[in-house]
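J.: My questions are about this predicted structure, shown below with the sequence.
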Amino acid sequence: MRRHLVALLPALAMLGACAGGVPVSQEVVVPGGSFADVRGEARLIVRSYVEDAAGARNEVLGAECAVTSSLYSTRLVTPARLVVPNFGPQSPELRFDCRAGELHGTARRDVTTTWQYPPGYLAGPVPWVYGRPGLYGWGGPGWYAPGWYGPAYPVSRYPNVFVRLE
């Protein structure tokens, strides 16, 4: 029994359950100080996995990945949190080339940009919410219900990456 368990240790160390994922403790940071148009940082999680015959994902720990873009490159070991310079909607595509023993795989990620609205914001003019003058006697000129109006701004993020190894 002990012999069989010792033979399985490398496989057990390499595979983890992908449902919740192994806790991420490694963080790799690409400094953005040398770039002129940096708008902060973008954070994403990089994981690698293999798929069994039933289609279940099993996380691969310790896959070495090269991360490249048109502006920078770095290396990491999965699972890892990657912190890169954020250039807003102009952020470059990221390419992930990962290897774990004989297994290898690639993935690409583009930045996604969405609009961030204030809490409770309803899109479009809604007079019964904003309390326009003359409707049910609410408010006066320029009066808006607190928490329902404010500026919207774009937020750019990279989605988390799951690299399939084959």
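T.: Now that the structure is in, tell me what you want to look at. Residues are numbered from 1 along each chain as shown.

J.: Now tell me what touches the helix or strand encompassing residue 113 from outside.
T.: Per DSSP states H and E: residue 113 is located in strand 112-116. Contact partners of strand 112-116, identified using Cβ atoms under 8 Å, 6 or more residues apart in numbering, comprise 88, 89, 152, 153, 154, 155, 156, 157, 158, 159. The C-beta positions use only the backbone N, C-alpha and C, and glycine is treated the same way.

J.: What pairs with it, parallel or antiparallel?
T.: Applying DSSP bridges, strand 112-116 is found paired with strand 153-157 (antiparallel).

J.: So which residues make contact with the partner strand?
T.: With contact meaning Cβ under 8 Å, 6+ apart, strand 153-157 is reached by 39, 42, 44, 86-89, 91, 111-116.

J.: just the buried members of these?
T.: Among the contacts of strand 153-157, the ones that count as buried by 16 or more other Cβ atoms under 10 Å are 39, 42, 44, 86, 87, 91, 111.

J.: Kindly confirm my reading that the second one is in a strand.
T.: Yes: under DSSP: H, G, I helix; E, B strand; the rest coil, residue 42 sits within a strand.

J.: And the residue nearest to it when sequence neighbours are not counted, how far from residue 43?
T.: Among residues not flanking residue 42 along the chain, residue 86 sits closest, at 4.2 Å (Cβ to Cβ, 6 or more residues apart in numbering). Separation of residue 86 from residue 43 (Cβ to Cβ, to the nearest Å) stands at 9 Å.

J.: Same question for residue 117.
T.: Using Cβ to Cβ, residue 117 is found at 22 Å from residue 43.

J.: what sits against the closest residue to residue 62 other than its chain neighbours?
T.: Spatial nearest neighbour of residue 62, excluding adjacent residues (Cβ to Cβ, 6+ apart): residue 77 at 5.8 Å. Contact analysis of residue 77 by Cβ under 8 Å, 6+ apart lists 26, 62, 63, 64, 65.

J.: contacting residues for the third one?
T.: When you say that, I think you mean residue 63. 48, 77, 78, 98, 99, 100, 103, 163, 165.

J.: Can you list the helices and strands that the helix or strand encompassing residue 67 packs against?
T.: Assigned by DSSP H and E, residue 67 belongs to strand 64-68. Helices and strands touching strand 64-68, as assessed by 3 or more Cβ pairs under 8 Å, 6 or more residues apart in numbering; DSSP states H and E, comprise strand 41-51, strand 73-77, strand 94-100.
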